[in-house]
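1. Give me the fold of what follows.
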Amino acid sequence: MLCPSCNYDNTRVLESRTTEKGQSIRRRRECLRCRHRFTTYERIEFLPITVIKKDGSTESFDRSKILRGIVRACEKTGIDSGLLESLVENIESHIEEKFPREITSENIGQLVLSYLSSLSEVAYVRFASVYGKFTSIEDFVITLKDLQNRQENNR
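-> Next comes the predicted model:
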């Protein structure tokens, strides 16, 4: 494993632990040259899932895109980064179970929104505004009403 700081190829593992569902192993490492510490994840390699985008083009599923979108949506909400990583693992597991070969970007967006709705209202609206490409205040109003209806139905 190369050190992200100095690219030295000799590191030692300080700590290893499995994630919540046992789908991956989190390893805390230290570079033997510069002593930089970093985290790596080891996962089971599944068959690649193809994402069908809105314009019809395709690309390989990339969990880091989901994580980046969720992290942006959750900025300044005080939600722990470990919880966000766990959320992405749950979303990825759901996708692998229900969509073993192909999934649309729309399905991914809706799945992320369903997970965010129970985590943070602010993150939900932020993610929805980017994912849905909001162009007016009316788009926000519709989303807020939808979120409010979901919460009332879950009570």
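
2. tell me what the helix or strand bottoming out on mean pLDDT in the chain is packed against?
-> In the chain, no helix or strand scores lower on mean pLDDT, DSSP states H and E than helix 137-154, which sits at a mean of 85. Other helices and strands packing on helix 137-154, by 3 or more Cβ pairs under 8 Å, 6 or more residues apart in numbering; DSSP states H and E, are helix 105-119, helix 121-131. Every residue, glycine included, has its C-beta placed from N, CA and C.

3. which outside residues touch the longest one?
-> By Cβ atoms under 8 Å, 6 or more residues apart in numbering, the surrounding residues in contact with helix 105-119 are 51-54, 66, 69-70, 73-74, 79, 83, 87, 90-91, 94-95, 99, 123-124, 127-128, 131-132, 147, 150-151.

4. That one to helix 137-154, inter-axis angle?
-> 60 degrees (axes from the mean of the first three to the mean of the last three Cα atoms, to 10 degrees).

5. Could you report the distance from the residue nearest the centre of the chain to Gly22?
-> For the chain, the residue sitting closest to the mean C-alpha position, by Cα atoms, centre = their mean, is Leu67 at 3.0 Å. In this view, Leu67 and Gly22 are 19 Å apart by Cβ to Cβ, to the nearest Å.

6. ok, so what distance separates Gln23 from Val51?
-> Separation of Gln23 from Val51 (Cβ to Cβ) stands at 20 Å.

7. My error: substitute Glu121 in the last question.
-> Distance, Glu121 to Val51, using Cβ to Cβ: 27 Å.

8. These two: which has the busier surroundings?
-> Set side by side, Glu121 and Val51 show more neighbours around Val51, with 20 against 15, by other Cβ atoms under 10 Å.

9. and the helix or strand hosting that one, what does it pack onto?
-> Secondary structure assigned from DSSP states H and E places Val51 in strand 50-52. Here strand 50-52 touches strand 58-60, strand 102-104, helix 105-119, going by 3+ Cβ pairs under 8 Å, 6+ apart.

10. Domain-wise, how is this protein divided?
-> Following automatic domain parsing, one gets these domains for the chain: 1-45, 48-154.

11. So, low pLDDT: which residues of this protein?
-> By pLDDT under 70, the low-scoring segments of the chain are 20, 45-46, 155.

12. who touches the helix or strand harbouring Phe38?
-> Phe38 is part of strand 37-43, with elements assigned from DSSP H and E. Applying Cβ under 8 Å, 6+ apart, the contact partners of strand 37-43 are 1, 3-5, 14, 19, 23-31.

13. Fine by me, thanks again.
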